[in-house]
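Enquirer: I'll drop the sequence and a predicted model, then ask my questions.
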Amino acid sequence: QEKVQQSPESLIVPEGAMSSLNCTFSNSASQSIWWYQQHPGKGPEALISIFSNGNKKEGRLTVYLNRASLHVSLHIRDSQPSDSAVYLCAAHDSGYNKLTFGKGTVLLVSP
Amino acid sequence: GALVYQYPRRTICKSGTSMRMECQAVGFQATSVAWYRQSPQKTFELIALSTVNSAIKYEQNFTQEKFPISHPNLSFSSMTVLNAYLEDRGLYLCGARQGHNQAPLFGEGTRLSVL
């Protein structure tokens, strides 16, 4: 069964800094890794996904995937207070069409 | 635009009673609907996955007898929490997927409190 672990549990960065979040997954056959953002009292919202080894950039977000080490990271450039939220990493098992989530990283960007 | 609407947003029920929650895909047809529970102690727990033309598949620790799901068409799904107790408290999220490789679109959830 797929296991997804995230670190750190919480992160505080000053406004304008880079936020770096980490995620490891257990099944190298997972088809894709998704990052979701969840604000208090809201459902999670998909931010970015990656399928292939390497990196992918969208706006201020960059995600890196290394299948050999079962590691994926999310980097938020020029972090803003509005980026403060819980960030969830999720591994998609295409065989079972199932998404397995980590426990999340709480990001706080201080003004 | 596409969105997922969940109802009710919050509900309180007495211990041992049941409550039903609904999920509706608006602006798209959902080929699959997944129900998750997010509790303070645990991460997202997948309860069950319902896919078009397939039987509803429940995850370990969750059963149809406890969490019956109805998925009559591509836009609507409902789940009932039967005989709710304290351990059933949490935020119940519905994630609807339009295509196999697309990320599920989540509603804002139904928060269940049990007295």
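Expert: Received it, and whenever you're ready, just let me know what you need. Numbering: from 1, shown residues only, chains lettered A, B, ... in the order given.

Enquirer: beta partners for B:Glu22?
Expert: B:Tyr7, B:Ser78 (DSSP bridges).

Enquirer: now swap in the one 4 residues further on and tell me
Expert: Following DSSP bridges, B:Val26 is listed with bridge partners B:Leu3.

Enquirer: and it, how many neighbours?
Expert: 13 (other C-beta atoms under 10 Å in any protein chain shown). Just so you know, the C-beta spots here come from the backbone N, C-alpha and C atoms, and that holds for glycine as well.

Enquirer: just checking, it touches B:Leu74?
Expert: No: at 11.8 Å, B:Val26 does not count as touching B:Leu74 under the criterion of C-beta atoms under 8 Å.

Enquirer: Chain neighbours aside, what residue packs nearest to B:Leu46?
Expert: Closest residue to B:Leu46 apart from its sequence neighbours, by C-beta to C-beta, 6 or more residues apart in numbering or on different chains: B:Glu59 at 4.9 Å.

Enquirer: In contact with that neighbour, which residues?
Expert: B:Glu59 makes contacts with B:Glu45, B:Leu46, B:Ile47, B:Ala48, B:Leu49, as judged by C-beta atoms under 8 Å, 6 or more residues apart in numbering or on different chains.

Enquirer: I'd like to know how far it sits from B:Leu74.
Expert: Taking C-beta to C-beta, to the nearest Å as the measure, B:Glu59 falls 22 Å from B:Leu74.

Enquirer: low pLDDT regions in chain A?
Expert: Residues of chain A that meet the criterion pLDDT under 70 lie in A:95-96.

Enquirer: ok, now chain B?
Expert: B:42.

Enquirer: which parts of it sit against chain A?
Expert: By the rule C-beta under 8 Å from any C-beta of the partner chain, the part of chain B lying against chain A is B:4, B:6, B:32, B:34, B:36, B:42-44, B:46, B:49, B:51, B:93, B:95, B:97, B:100-101, B:103-109.

Enquirer: Who does the top strand by length along chain A pair with, and is each partner parallel or antiparallel?
Expert: Among the segments of chain A that qualify as a strand by DSSP state E, the longest is strand A:85-93. In the sheet, strand A:85-93 lines up against strand A:32-38 (antiparallel), strand A:98-101 (antiparallel), strand A:105-110 (antiparallel) (DSSP bridges).

Enquirer: will you turn the ones you listed into a markdown table that also has mean neighbour count?
Expert: A markdown table is the format used below for the strands paired with strand A:85-93 (neighbours: other C-beta atoms under 10 Å in any protein chain shown):
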| stretch | mean neighbour count |
| --- | --- |
| strand A:32-38 | 22 |
| strand A:98-101 | 22 |
| strand A:105-110 | 17 |
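
Enquirer: follow-up on the earlier one: got the CA coordinates for the longest strand of chain A in PDB?
Expert: Written as PDB, here are the backbone C-alpha positions of strand A:85-93 (Å, rounded to 0.1, in the frame of the first residue of the first chain):
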ATOM      1  CA  ALA A  85      -1.900  27.200   4.000                       C
ATOM      2  CA  VAL A  86      -1.500  23.400   4.400                       C
ATOM      3  CA  TYR A  87       0.200  21.800   1.400                       C
ATOM      4  CA  LEU A  88      -0.600  18.200   0.700                       C
ATOM      5  CA  CYS A  89       1.400  15.800  -1.400                       C
ATOM      6  CA  ALA A  90      -0.500  13.000  -3.100                       C
ATOM      7  CA  ALA A  91       0.600  10.000  -5.100                       C
ATOM      8  CA  HIS A  92      -1.600   8.700  -7.900                       C
ATOM      9  CA  ASP A  93      -1.700   5.000  -8.400                       C
END
